[in-house]
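**Q** what would the 3D arrangement of this be:
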Amino acid sequence: MLNLPMGHPLLMPTIPVKVSVFGLPLHLVDNAPEWLLMQQRDGHGQHVVTLNSEMVMLAERTPEFADVIHRADLVIPDGSGVILYLKLHGLSVRRLPGIEFAEALLRLANEAPQPKRVFFYGAAPGVAEKVAERWHRELPNLKIVGVQSGYHDADTETALIEKLKEEQPHIIFVALGVPRQEYWIDRHRYICPQAIWVGVGGSFDVWAGVKKRAPKLFQKLYLEWLYRLYQEPWRWRRMLALPQFAWKALLSRLYGRQRFSCR
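**A** I've put the predicted structure just below:
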């Protein structure tokens, strides 16, 4: 048995089941944070992708991005569209938004016998510092070994890479937005081969208090995307991927088959 900080016992995580969403890999695993830390204990680093419908549609248009997702070690369902797709094909899966997954990973790492080294990279200047301060207060057993904003020049990038090489963090959160963060992790994960790398999008802004997460009702109704559009209306073009994905999902249920297999 494993225990989260809240004290709720959890079963040892099972081996991820690998399924396909329009040709992209998706892993279904109980207690993903536990599984990742177990893999790390055995010397295996992991690139985690939290998959949503916008990313699926982008991968369909961009083979290079699809290749990055295929190379990731763990792809977990994030967006409500992906959950809908799975339900249409007979699988009822609990959605684990990327921000909640990242928080669960941090809280579990805080309980590790040896302090876990954590690095926060991305977002606007000053945001990563606020994120580090927050988690240092809440999870004092974590060892935060560095922060870096996502706005910098080539010299700073070189210094960042050297810092990562030197510190060898256990967990590296990258908040550069999709798909930039996934490309960056794919290119640089060799620097810290045993680290858990996670692209966390706008999570830093929420953790730092720069932006608010959608109210609980919106979360429950899978409408976080609508609240984000309200906060960032310039995203409307990107949001067009959502109805496109939903339509493809319905067609796939009517005219296609979904095969499931274990890794």
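
**Q** would you list every one of the strands in the stretch 1-150 of the chain?
**A** In the stretch 1-150 of the chain, the strands defined using DSSP state E, counting those that start in this stretch lie at 2-3, 9-10, 17-21, 24-28, 46-51, 74-77, 117-122, 143-148.

**Q** and the residue nearest to residue 68 when sequence neighbours are not counted, what is it in contact with?
**A** Nearest residue to residue 68, sequence neighbours excluded (C-beta to C-beta, 6 or more residues apart in numbering): residue 186, at 4.6 Å. Using the backbone N, CA and C atoms, a C-beta is placed for each residue, glycine as well. By C-beta atoms under 8 Å, 6 or more residues apart in numbering, the residues touching residue 186 are 47, 68, 71-72.

**Q** just residue 110 next, same as before
**A** 5, 116, 139-142.

**Q** for residue 62, same thing?
**A** Taking C-beta under 8 Å, 6+ apart, we find residue 62 in contact with residue 179.

**Q** burial count for the closest residue to residue 122 other than its chain neighbours?
**A** Spatially, and ignoring its direct neighbours in sequence, residue 122 is nearest to residue 175 (3.0 Å; C-beta to C-beta, 6+ apart). Other residues lying near residue 175 total 26 when counted by other C-beta atoms under 10 Å.

**Q** quick one: contacts for residue 175?
**A** Contacts of residue 175 (C-beta under 8 Å, 6+ apart): 120-123, 127-128, 150, 181, 199-205.

**Q** low-confidence regions, the chain specifically.
**A** Along the chain, the parts satisfying pLDDT under 70 run over 1-14, 213-242, 256-263.

**Q** rerun that using 50 as the cut-off
**A** For the chain, the stretches with pLDDT under 50 are 1-11, 236, 259-263.

**Q** now the contacts of residue 186 in JSON lines, please, with extra columns for distance to residue 158.
**A** Shown next, in JSON lines, are these (distance: C-beta to C-beta, whole Å):
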{"residue": "47", "distance to residue 158": "22"}
{"residue": "68", "distance to residue 158": "23"}
{"residue": "71", "distance to residue 158": "24"}
{"residue": "72", "distance to residue 158": "25"}
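
**Q** just the ones of those in helices?
**A** 68, 71 (DSSP state H).

**Q** farthest-apart pair in the contacts of residue 186, please.
**A** 47 and 68 (8.6 Å; C-beta to C-beta).

**Q** excluding covalently adjacent residues, which one is nearest to residue 59?
**A** Residue 59's closest residue in space is residue 66 (C-beta to C-beta, 6+ apart), at 3.9 Å.

**Q** neighbours around that neighbour, how many?
**A** Residues lying near residue 66 (other C-beta under 10 Å) number 18.

**Q** ok, now which ones touch it?
**A** Contacts for residue 66 (C-beta under 8 Å, 6+ apart) come out as 23-24, 59-60.
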